[in-house]
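*Asks:* What would the 3D arrangement of this be:
(2 chains)
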Amino acid sequence: MKRFALAAITVAFAGSLLASGAAPKTTPASVVKITLPGDLDFGYKNAPGVVLAQVNCLTCHSSAYVSTQPRLSQAQWLAEVNKMKNVYKAPIADADVPKLVDYLTANYGKP
Amino acid sequence: MPKRSHFLVGASTAIGSLALTGSAEAAYSRIMQPFENGERPLVAFPQKRPLIVLTPRPPQLETPFSVFDEGILTPNDAFYVRWHNADIPTVIDGAKHRIAVTGTERTLSLSIADLKAFEPVEIIAVNQCSGNSRGFFGPRVPGGQWTNGAMGNARWKGARLRDILAKAGIVAGTKQIRFDGLDKATLPDTPDFIKALDVDMARDENVIVAYEMNGFPLPLLNGFPVRLVVPGWYSTYWVKMLSSIEAIDHVDDNFWMKTAYRVPATPNNSVAPTDKGYPTVPISTMNVRSFLTNVKNGSVLAPKAQEIRGIAFDKGTGIEKVEYSIDGGDSWNTAALGPDFGRFSFRQFRAEITPKAGSTMTLATRATAGDGSIQVATPTWQPSGYMRNQIETYKVTIV
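*Replies:* Residues are numbered from 1 along each chain as shown, chains lettered A, B, ... in the order given. I've put the predicted structure just below:
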């Protein structure tokens, strides 16, 4: 495990130096640099209202925050949207709240 | 800072930029968690082996449970990951990192070298997410849908928080110590992730600011270069990338203390799904749990004498006893405990069973902690899905 972890860091360093194209500088051993995978968001279900979910929800979290939930009721999805708006201060327009809840309930809710 | 560029993530090279189309899903090996809507990809994040991805951004990665059968310490590259807000630094120079200590007689700015100048302390302690096992609550509750792998046991090395506070000097009237890390929210008004401990707890001899995990610097996703270690307490207090230690003269009222991470102040911290208006308190210490590590629910066993083994832990009163049952909890026998690595560590246990061919059995384990608390069969429930600790059962078939 220990060797694996160290190797991963080294690989990250080498990759970033090669990719930069600049003259290789000595990166201090104290620096840890990682690159998070950027292609893991599998997206919201393509259905009416999906653009609202993309615009309002992806700023702070990937779609898996929605898609991995158990099937929630409309009331539960409303509570979640209100929490995002009122507690986490997502700038969701008042008029969009019911539309977003409808999209979430239709695609990720209890049948 | 190439935050979202393509990187080495297993079989991802063919995916390209299909992030919003849904077809990227096929490229990863997947597992099925044992509840509705439980399919998850397994992906190796930087410094990590393939872990169960609950959410990629911010990352919530679960340790596959078989790891806990490999040894008493959870390897750094297998240790679970959980962040609240998505703006996580991906480049950190440990030599330049500083921890500001404020609200004290003297203001300090501590480097890692400064931390290492304090008397070093090592402690083996379990770090468990408050919501570990949330996916098993019934009725189901929203939140990170963990199975049982949002926990790990590591040897943490660092400086005692109380030594740091003594150097800074606690002023009269200090009520709590508040902790902040480098992570930030993507929106300016989202509450920053901040936690606080009562000053007496902050001065507990076991609370440390850790710069090593299992003999190495912490993986970045586990809080490099330093994180708070609060043995016996749920992980929400173990602030990662610790950058601020602030003494305050009041009980912290920020969102993550006042509103989030609260549990019912009821027996077993449990309520009925229809209950409303009950008092709540901030979550704090862990209740007692035990798990088999070499048997899964649904395992097929051979009809011969064999060992069953597992791990148990609690909030730090130590594991007094672990019992096992081969009849679903109707009768119990005492398992043998493994070596003691300290009262905050996983404690291994083992027993021998000889199942008969052609039968089915329900195995169960039940741990008793040093304070006399014991796991019970009755499921608890609370709306946030914290603190699950009922007796775990494992239906097995003998062929």
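*Asks:* residues near the nearest residue to B:Asn254 once chain neighbours are set aside, how many?
*Replies:* Computed as C-beta to C-beta, 6 or more residues apart in numbering or on different chains, the closest residue to B:Asn254 that is not its neighbour in sequence is B:Ile194, at 5.1 Å. Bear in mind the C-beta positions are built from the backbone N, C-alpha and C, glycine included. For B:Ile194, the count of nearby residues is 17 (other C-beta atoms under 10 Å in any protein chain shown).
*Asks:* Now B:Ile194. Its backbone dihedrals?
*Replies:* Per-residue torsions, B:Ile194: phi -140, psi 140 (degrees, to the nearest 10).
*Asks:* Where does the prediction get shaky in the stretch 251-399 of chain B?
*Replies:* Residues of the stretch 251-399 of chain B meeting the criterion pLDDT under 70: none.
*Asks:* Close to chain A: what parts of it are there?
*Replies:* Applying C-beta under 8 Å from any C-beta of the partner chain, one finds that the stretch 251-399 of chain B approaches chain A through B:255, B:259.
*Asks:* rewinding a little: which residues sit in contact with the residue nearest to B:Asn254?
*Replies:* B:178-180, B:239, B:252, B:254, B:256-257 (C-beta atoms under 8 Å, 6 or more residues apart in numbering or on different chains).
*Asks:* Show me just the buried residues among those.
*Replies:* Buried members of these, counted by 16 or more other C-beta atoms under 10 Å in any protein chain shown: B:178-180, B:239, B:252, B:254, B:256-257.
*Asks:* Keep only those of those that are in strands.
*Replies:* Here DSSP state E is the test, and these give B:178-180 as lying in strands.
*Asks:* can you put those in TSV and add pLDDT?
*Replies:* Output for those, formatted as TSV (pLDDT from 0 to 100):
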residue	pLDDT
B:Arg178	98
B:Phe179	98
B:Asp180	98
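*Asks:* a markdown table for those, including distance to chain A?
*Replies:* Formatted as a markdown table, these follow (distance: C-beta to the nearest C-beta, whole Å):
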| residue | distance to chain A |
| --- | --- |
| B:Arg178 | 19 |
| B:Phe179 | 20 |
| B:Asp180 | 17 |
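*Asks:* Is B:Met201 in a helix, a strand, or coil?
*Replies:* Classification of B:Met201 by DSSP: H, G, I helix; E, B strand; the rest coil places it in helix.
*Asks:* Look up phi and psi at the residue found closest to it once you drop the neighbours it is linked to in the chain.
*Replies:* Leaving out its chain neighbours, the residue that sits closest to B:Met201 by C-beta to C-beta, 6+ apart is B:Val207, at 7.1 Å. Dihedral angles of B:Val207 (phi, psi; degrees, to the nearest 10) stand at phi -80, psi 120.
*Asks:* what's B:Val207 in contact with, if anything?
*Replies:* So B:Val207 contacts B:160-162, B:197, B:201, B:228-231 (C-beta under 8 Å, 6+ apart).
*Asks:* again, 10 Å this time
*Replies:* Shown in contact with B:Val207 (C-beta atoms under 10 Å, 6 or more residues apart in numbering or on different chains): B:121, B:123, B:158, B:160-162, B:165, B:177, B:197, B:201, B:228-233, B:237-238.
*Asks:* Strands - which of the residues you listed land there?
*Replies:* B:121, B:123, B:158, B:160, B:177, B:197, B:228-229.
*Asks:* so how far is B:Gly328 from the closest residue to B:Ser111 other than its chain neighbours?
*Replies:* Nearest non-adjacent residue to B:Ser111, counting by C-beta to C-beta, 6+ apart: B:Arg98, 6.0 Å away. In this view, B:Arg98 and B:Gly328 are 55 Å apart by C-beta to C-beta, to the nearest Å.
*Asks:* and what of B:Gly298?
*Replies:* Where B:Gly328 is concerned, B:Gly298 sits at a distance of 15 Å (C-beta to C-beta).
*Asks:* how near is the closest residue to B:Leu292 other than its chain neighbours to chain A?
*Replies:* Of all residues not flanking B:Leu292 in the chain, B:Gly310 sits nearest, at 4.1 Å (C-beta to C-beta, 6+ apart). B:Gly310 is 21 Å from chain A, where distance means C-beta to the nearest C-beta, to the nearest Å.
*Asks:* So which bits of the one helix or strand B:Gly310 maps to are buried?
*Replies:* Per DSSP states H and E: B:Gly310 is located in strand B:306-313. By 16+ other C-beta under 10 Å, the buried positions in strand B:306-313 come out as B:308-313.
*Asks:* Looking at those residues, which is nearest A:Leu78?
*Replies:* If you rank those by distance to A:Leu78 using C-beta to C-beta, B:Phe313 comes first, at 38.0 Å.
*Asks:* which residues touch the residue nearest the centre of chain B?
*Replies:* For chain B, B:Gln128 is the residue whose C-alpha lies nearest the centre (C-alpha atoms, centre = their mean; 2.2 Å). Taking C-beta under 10 Å, 6+ apart, we find B:Gln128 in contact with B:80, B:148, B:150-153, B:233-236, B:238, B:286-287, B:289, B:313, B:387.
*Asks:* now B:Ala351
*Replies:* Contacts of B:Ala351 by C-beta under 10 Å, 6+ apart are B:292, B:306-310, B:322-324, B:326, B:333-336, B:363, B:365.
*Asks:* Now it: closest residue in space, sequence neighbours ignored.
*Replies:* In space, B:Ala351 is closest to B:Ala335, 4.2 Å off (C-beta to C-beta, 6+ apart).
*Asks:* And for B:Ser345?
*Replies:* Excluding its sequence neighbours, the residue lying closest to B:Ser345 (C-beta to C-beta, 6+ apart) is B:Ile124, at 4.1 Å.
*Asks:* what's the answer for A:Ser73, then?
*Replies:* Nearest non-adjacent residue to A:Ser73, counting by C-beta to C-beta, 6+ apart: A:Lys110, 5.2 Å away.
*Asks:* likewise B:Lys157?
*Replies:* B:Lys157's closest residue in space is B:Glu212 (C-beta to C-beta, 6+ apart), at 3.9 Å.
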